[in-house]
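J.: I'd like to go over a predicted model; first the sequence, then the structure.
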Amino acid sequence: MPATLASPPLLARLLTFLILCLPTFAEVLGETMVLETGFEDGIGFNPNNEETIFGGREFAEDSGDILASSPIQFSTGNRSLKVLLNKVGPMVANSRRAELTKYPANQSLNDVVWLGFSIFVPADFRNFEHPAAPNYTVVMQWHGNPDRNCGEPYRRPPLSLLIDDTMRWRIWLLAQQNPCEKDRNHYDRKTLFADGDWTRITTDNWTHWVIAWKRSHSDEAAGWFKVWKAEGSEAYSQAVTDRGTNYFNDEHAGYLKIGLYKSPFEDHPIAFPDDAREYVYYDDVRLLLTKNENDSPFQKVAPSTSRVVNLRP
């Protein structure tokens with residue numbers, strides 16, 4: 001019997017099946033966009049008290065602190081995330097903090113982290129005079145995931161972006177080689193990036209960041225770290241380039257935290273007035289993981305800089 005062509009409905013079903021089975025271009029490249037939000041739809045919490053965009057939060061309820069979508073400032077769209085932290089309030093995870101947390105699913109320590117976000121530091125970011133005590137504020141961190149089965153404690157984050165006592169940007173990178181380091185204050189490498197024009201903070205303006213990070217706890221040649229920064233409508237310029245160990249020897253990879261962490265409020269309470277507070281805004285947060293360190297998905301995570309700053313009260 002002569003061969004016959006399949007009927008159009010059958011062909012359509014066959015083509016649909018083949019298309020669904022084909023991997024996407026991003027999957028071929030080994031890229032996963034883990035997070036992408038401008039907080040336009042607000043933030044909410046499911047019945048398990050998990051934040052519905054990031055997946056988690058560390059925040060004191062009924063504290064007067066703020067961790068919410070806001071129309072007051074925005075870099076793009078019509079809203080951003082406002083984070084306000086008061087000195088007086090309940091401790092969360094042994095300190096004063098208001099943070100959203102994102103645990104990337106199916107993450108490997110071999111993945112390259114690409115993170116982009118915008119932050120607005122208002123002119124009245126702090127409502128108190130400089131105290132005679134440490135006064136840094138962590139505004140973004142990538143926290144480690146200690147090996148609890150062997151008694152390893154939580155440590156400082158391997159990566160943190162902070163505002164220091166002098167209102168300058170600072171970046172910390174930490175590394176631990178021991179697979180079960182029980183001394184939470186021991187690090188095989190501590191790198192502080194604190195030099196260059198990029199450390200200047202321009203208040204009442206959006207600052208845009210892109211971070212690329214190939215993590216390594218033991219191989220000096222394998223680990224690398226790059227940071228780009230732009231302010232307002234300026235073009236991006238590279239702020240940091242580093243090669244060397246830059247992570248912890250943990251079984252599991254860590255997680256992103258966006259928000260304010262202020263241990264000086266708790267460590268040196270007498271140095272700050274009771275009404276002390278700090279606040280910032282975040283927008284355009286994108287987190288992408290790629291398995292190929294030669295990939296450069298910069299444009300996929302970089303916040304656009306062609307924006308007008310919103311200065312409404």
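T.: Structure's in. What do you need? Note that the structure is predicted; figures quoted are calculated from it, not measured.
J.: quick one, what contacts the closest residue to N127 other than its chain neighbours?
T.: Nearest non-adjacent residue to N127, counting by Cβ to Cβ, 6 or more residues apart in numbering: R277, 5.7 Å away. Glycine gets a C-beta too; all of them are placed from N, C-alpha and C. The neighbourhood of R277, defined by Cβ atoms under 8 Å, 6 or more residues apart in numbering, consists of 84-87, 126-127.
J.: which ones are touching the residue lying closest to D111 once chain neighbours are set aside?
T.: Excluding its sequence neighbours, the residue lying closest to D111 (Cβ to Cβ, 6+ apart) is L289, at 4.2 Å. Residues in contact with L289, defined by Cβ under 8 Å, 6+ apart, are 31-32, 34, 104, 107, 111-114.
J.: can you tell me which of the contacts of R277 are in helices?
T.: Of the contacts of R277, none are assigned to helices by DSSP state H.
J.: Where does the residue nearest to E36 when sequence neighbours are not counted sit: helix, strand or coil?
T.: Distances taken as Cβ to Cβ, 6+ apart place R286 nearest to E36, at 4.9 Å, with adjacent residues excluded. For R286, the assignment made with DSSP: H, G, I helix; E, B strand; the rest coil gives strand.
J.: surely R286 meets P297?
T.: No: using Cβ atoms under 8 Å as the test, R286 is too far from P297 to be in contact (9.5 Å).
J.: between those two, what contacts are shared?
T.: In contact with both R286 and P297: W114, using Cβ under 8 Å, 6+ apart.
J.: related to what we said a few turns ago, run through the residues that contact the residue nearest to E36.
T.: So R286 contacts 33, 35-36, 114-117, 300-301, 303 (Cβ under 8 Å, 6+ apart).
J.: So which residues of this protein form helices?
T.: 8-21, 25-29, 263-267, 298-301.
J.: and the residue nearest to E220 when sequence neighbours are not counted, how many neighbours?
T.: Spatial nearest neighbour of E220, excluding adjacent residues (Cβ to Cβ, 6+ apart): G244 at 5.1 Å. Counted by other Cβ atoms under 10 Å, the residues lying close to G244 total 16.
J.: try E61
T.: E61: 9 surrounding residues under other Cβ under 10 Å.
J.: Could you report the distance from it to E278?
T.: According to Cβ to Cβ, to the nearest Å, E61 stands 19 Å off from E278.
J.: pLDDT weak spots in the stretch 201-313 of the chain?
T.: 306-313 (pLDDT under 70).
J.: Which parts of it are strands?
T.: Listed in chain order, the strands of the stretch 201-313 of the chain (DSSP state E, counting those that start in this stretch) span residues 206-214, 224-231, 237-243, 255-261, 277-290.
J.: Now distance to V138 too, for the ones you listed, in a markdown table please.
T.: Putting those into a markdown table (distance: least, Cβ to Cβ, whole Å) gives the following:
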| stretch | distance to V138 |
| --- | --- |
| strand 206-214 | 14 |
| strand 224-231 | 16 |
| strand 237-243 | 17 |
| strand 255-261 | 4 |
| strand 277-290 | 11 |
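J.: Tell me which of those lies nearest to C150.
T.: The minimum distance between C150 and the strands of the stretch 201-313 of the chain falls on strand 255-261, with 19.8 Å, by Cβ to Cβ.
J.: Pairing-wise in the sheet, spell out the partners of Y282.
T.: Note on Y282: beta-bridge partners by DSSP bridges are L81, I119.
J.: distance of it from F74?
T.: 10 Å.
J.: before we move on, what about D124?
T.: In terms of Cβ to Cβ, D124 sits 18 Å off from F74.
J.: Check T199 too.
T.: 25 Å.
J.: Comparing these two, which shows the higher neighbour count?
T.: Using other Cβ under 10 Å as the criterion, T199 and F74 rank with F74 on top: 25 against 17.
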